[in-house]
Structure formats: C-alpha cells, structure tokens
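*Asks:* For reference, the sequence and a predicted model appear below.
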Amino acid sequence: MAENFEYKEAPDLAMLGEGPDPEPPRRTFLFWLGVAMNAVVGVLIALPILGYLFSSWKGTGWQKWTAIGEVDKFPKGQTRLATYVNPFRTPWDGYTADTPCWVRRMDDGSFTVFAINCAHLGCPVRWFPESQLFMCPCHGGVYYADGTHAAGPPPRGLYKYEHRIVGSQLEVKAGRLPTLQQSV
Ligand code: FES
C-alpha cells in the first residue's frame, strides 16, 4: 500500500509579521507595582531605625517646661502625687501620656519634684507619710523623704526634676525619662 506524504514548506516567519510583545503591559505593570511596594516597605522599616540613630543628636531637645499644677495645691510640709501630660505625646499614647511624679513642699515653701520611677528597675514608688518613706513594691527599695537611698537594691536616690515657679504654676522640665547615666 502506497503512502502519500505531503511535505509542505515551513512558512516564512517574515510573512507572519512581528511576534507577540515580549513584555506585555500587564507584566510591566506588575513589575513596577512590586518595585513600588518594596520601596514603601523599605521606607517603613528604615524610618524608625533612622529615628533611633538620630534621636541622640537631639540632646536636651526632648525636654520642655510643663505645668504640673497651682503652687497652692501643694501644702507646706507634705508630699503629694501630681500628674502632667507628656509634652511629646503622640495621638496614640492615650492615658500613658499622663505621667505621675511626687511633689514635696518643704516648710519654707521650696519644692522638690521626684520622678515616680524607682532608680533600680523603674517600678513606681509610693509615698508613706506615716513612716516618711518612699517604698518600691518590686524589690523592696526604700528612699527617705528627701529622695536619698535608704535601703534595698536601688543604686542611688530618686531622680529629681528640674522645676520652677511661673506665676502661680509649678512647672517641671518634662519629656525625657531618667536613666542611670542622666537624671532628668
Ligand atoms: S524596681 Fe524598685 S527596688 Fe527594684
């Protein structure tokens, strides 16, 4: 049985015109979309790192005089709790921007303002007028009424705020939290 094969010449590709676009618009669009998204993520990651690196250059810029109450609110010979709003608060800080401190007013009318944080690991200390001592609930740190270290693990006395009286207002230099290297 005879077999008939028909051989055809391969078509001339030049006659078919130009082939499909090697970079279709959709692929190009997705490529640049990916580049843009990576750029956005890169910026979001880099911003806090740059903020941390450059924050130390601000020096004392993170401090601001802040009112903590009328002078008459603090009776002579007593230590009272006061609260100020962190002057560098951000909208999402909420109640954590409210910062407490202890205000001691001496009989001669002068003031000492203590940070509420223990100088050991930062727990809030409490004032006990009966014993005239500040006590820390975390590891038993104790401070005298003038803020000096009395007992327990704290390596130093309570941190003190710089303060001043403007008109009838008592103000403290607030903002930066104290550290062992630098008190407020
Ligand atoms: S944090 Fe106050 S004694 Fe440790």
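*Replies:* Sure, I can see it. Numbers count the residues shown, from 1 in each chain.

*Asks:* Going by C-alpha atoms from here, please, whenever you check contacts or count neighbours.
*Replies:* Will do.

*Asks:* Flag every residue of this protein that's near the ligand.
*Replies:* Residues of the chain that fall close to the ligand, judged by C-alpha under 6 Å from any ligand atom: 118, 120, 121, 122, 123, 136, 138, 139, 140, 141, 153, 154.

*Asks:* I only care about these that end up buried; give me the ChimeraX line for that.
*Replies:* In ChimeraX, this line selects whichever of those come out buried by 16 or more other C-alpha atoms under 10 Å:
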select :118,120,136,141,154
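
*Asks:* Dump the residues of the chain next to the ligand into TSV; add secondary structure and pLDDT as well.
*Replies:* TSV is the format used below for the residues of the chain next to the ligand (DSSP: H, G, I helix; E, B strand; the rest coil; pLDDT from 0 to 100):
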residue	secondary structure	pLDDT
118	coil	95
120	coil	94
121	coil	92
122	coil	91
123	coil	95
136	coil	97
138	coil	96
139	coil	96
140	coil	95
141	coil	96
153	coil	96
154	coil	95
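
*Asks:* Which helix or strand contains residue 50?
*Replies:* helix 25-55 (DSSP states H and E).

*Asks:* average model confidence for that helix?
*Replies:* Mean per-residue pLDDT for helix 25-55: 90.

*Asks:* what separates that helix from the chain centre, distance-wise?
*Replies:* Relative to the chain's own centre, helix 25-55 is displaced by 23 Å; criterion: C-alpha atoms, centre = their mean, to the nearest Å.

*Asks:* Likewise for stretch 68-88?
*Replies:* On C-alpha atoms, centre = their mean, the centre of stretch 68-88 falls 24 Å from the chain's centre.

*Asks:* go on, stretch 24-39?
*Replies:* Put simply, stretch 24-39 sits 36 Å off its chain's centre (C-alpha atoms, centre = their mean).

*Asks:* Dump the C-alpha coordinates for stretch 75-88 into PDB.
*Replies:* The C-alpha trace of stretch 75-88 is given here as PDB (Å, rounded to 0.1, in the frame of the first residue of the first chain):
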ATOM      1  CA  PRO A  75       0.500  72.200 101.200                       C
ATOM      2  CA  LYS A  76       3.800  73.000 103.000                       C
ATOM      3  CA  GLY A  77       5.400  70.100 104.800                       C
ATOM      4  CA  GLN A  78       3.700  67.500 102.600                       C
ATOM      5  CA  THR A  79       4.400  65.200  99.700                       C
ATOM      6  CA  ARG A  80       1.700  64.900  97.100                       C
ATOM      7  CA  LEU A  81       1.200  63.000  93.900                       C
ATOM      8  CA  ALA A  82       0.900  65.200  90.800                       C
ATOM      9  CA  THR A  83       0.400  64.300  87.100                       C
ATOM     10  CA  TYR A  84       1.500  66.100  84.000                       C
ATOM     11  CA  VAL A  85       0.800  65.300  80.300                       C
ATOM     12  CA  ASN A  86       4.000  64.300  78.400                       C
ATOM     13  CA  PRO A  87       4.700  67.300  76.200                       C
ATOM     14  CA  PHE A  88       6.000  64.900  73.500                       C
END
